[in-house]
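> Model the structure of this input:
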Amino acid sequence: MLVGGLVVSACGCWILYGLLSQFVNAARSRHWTGRATGIVVQRGMKRLEFPGQRHERRAFEVAALEYEYEVAGETYRSRNVAFTPYRGGHESRRGRFIATLEPGQPIDVVYNESRPREAVLHPGFAPMEVGGVLFGLFAAALFLGVGSAMLLGLAG
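Sure thing, here's the model as predicted:
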């Protein structure tokens with residue numbers, strides 16, 4: 001029970017950390033003043049595979065985008081569309097947005113002037129992504145709650 005409780009609690013902490021880092025990046029990007037015109041390098045669907053039980057593989061696809069932009073004569077590449085939790089399938093907001101872009105198409109890029117390699121297309125937090133945030137908070141609370149209950153069950 002001790003190891004299980006620690007593992008489940010660690011999963012909850014990992015989810016919470018990922019969610020909080022998204023919020024921090026979104027908040028920071030609201031203050032970025034660098035602007036550049038970038039070019040779409042490639043777009044499409046990226047297949048993510050995860051091992052399952054008994055050698056079954058689980059997979060899903062997320063919309064992926066890569067663009068490049070130039071700052072002070074140096075070329076950078078980024079894949080950041082927004083710093084908010086998102087669903088990434090064909091029918092997601094992100095997927096529909098990426099589908100409108102073609103390789104070679106110019107796009108507006110917002111970057112961190114003090115660290116130009118940090119860039120995003122949509123800075124800040126998009127209120128339309130509240131569902132992803134709520135799901136992340138629910139998942140983190142569930143894992144932390146179950147993990148804590150397992151750990152406290154040992155003490156009692």
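> pLDDT weak spots in this protein?
Filtered on pLDDT under 70, the chain yields the residue ranges 50-57, 84-91, 126-132, 154-156.
> all helices for it, in order.
2-29, 93-99, 130-155 (DSSP state H).
> For Pro116, which of those is the nearest?
Nearest to Pro116, of all these, is helix 2-29, at 13.1 Å by Cβ to Cβ. Backbone N, C-alpha and C define where each C-beta goes, glycine included.
> would JSON lines of the helices of the chain with distance to Tyr69 and mean neighbour count be doable?
Converted to JSON lines, those look like this (distance: least, Cβ to Cβ, whole Å; neighbours: other Cβ atoms under 10 Å):
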{"stretch": "helix 2-29", "distance to Tyr69": "15", "mean neighbour count": "15"}
{"stretch": "helix 93-99", "distance to Tyr69": "17", "mean neighbour count": "17"}
{"stretch": "helix 130-155", "distance to Tyr69": "26", "mean neighbour count": "14"}
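> Tabulate the ones you listed in CSV, adding columns for distance to Ile107.
Output for those, formatted as CSV (distance: least, Cβ to Cβ, whole Å):
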stretch, distance to Ile107
helix 2-29, 16
helix 93-99, 10
helix 130-155, 23
